[in-house]
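[1] Below is the structure, and that's it, no one-letter string:
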């Protein structure tokens with residue numbers, strides 16, 4: 001079980017270094033790897049805690065990408081006005 005948790009962590013943290021489409025799919029796969037053991041193994045509390053941590057990390061990485069895109073678009077519109 002601990003090796004499975006290590007594998008899930010490697011998959012998810014590895015996905016943070018990719019960009020765009022690959023990140024979304026790698027994050028979804030790692031989230032499924034957390035949800036599936038929580039359904040099969042009746043240790044819901046541990047798996048739910050891991051799921052919350054992964055979801056927070058995924059949302060933070062998504063927000064960072066969105067923020068970068070907004071900054072880029074803001075600079076583009078500023079240059080367009082000048």
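    Happy to help now that I have it. None of the values given here were measured: they were computed from a predicted structure.
[2] Okay, and residue 30 sits in which element?
    Assigned by DSSP states H and E, residue 30 belongs to helix 21-40.
[3] What does the pLDDT read for residue 55?
    At residue 55 the predicted local confidence, pLDDT, stands at 74.
[4] Show the contacting residues for it.
    Neighbouring residues of residue 55 by Cβ atoms under 8 Å, 6 or more residues apart in numbering: residue 31. The way it works is simple: take the backbone N, C-alpha and C, and place the C-beta from them, glycine included.
[5] quick one: it from residue 31, how far?
    Residue 55 is 7 Å from residue 31, where distance means Cβ to Cβ, to the nearest Å.
[6] what does residue 57 give?
    10 Å.
[7] same check, this time on residue 4
    The gap separating residue 4 from residue 31 is 14 Å, by Cβ to Cβ.
[8] neighbour-wise, which of those two wins?
    Neighbours were tallied for residue 4 and for residue 31 using other Cβ atoms under 10 Å; the higher tally belongs to residue 31 (18 against 12).
[9] wait, what's in contact with that one?
    12, 51, 54, 55, 58.
[10] Which of those residues fall in helices?
    12, 51, 54, 55, 58 (DSSP state H).
[11] residues near the third one, how many?
    With neighbours defined by other Cβ under 10 Å, the count for residue 54 comes to 21.
[12] Return the distance of it relative to residue 3.
    With Cβ to Cβ as the criterion, residue 54 and residue 3 are 17 Å apart.
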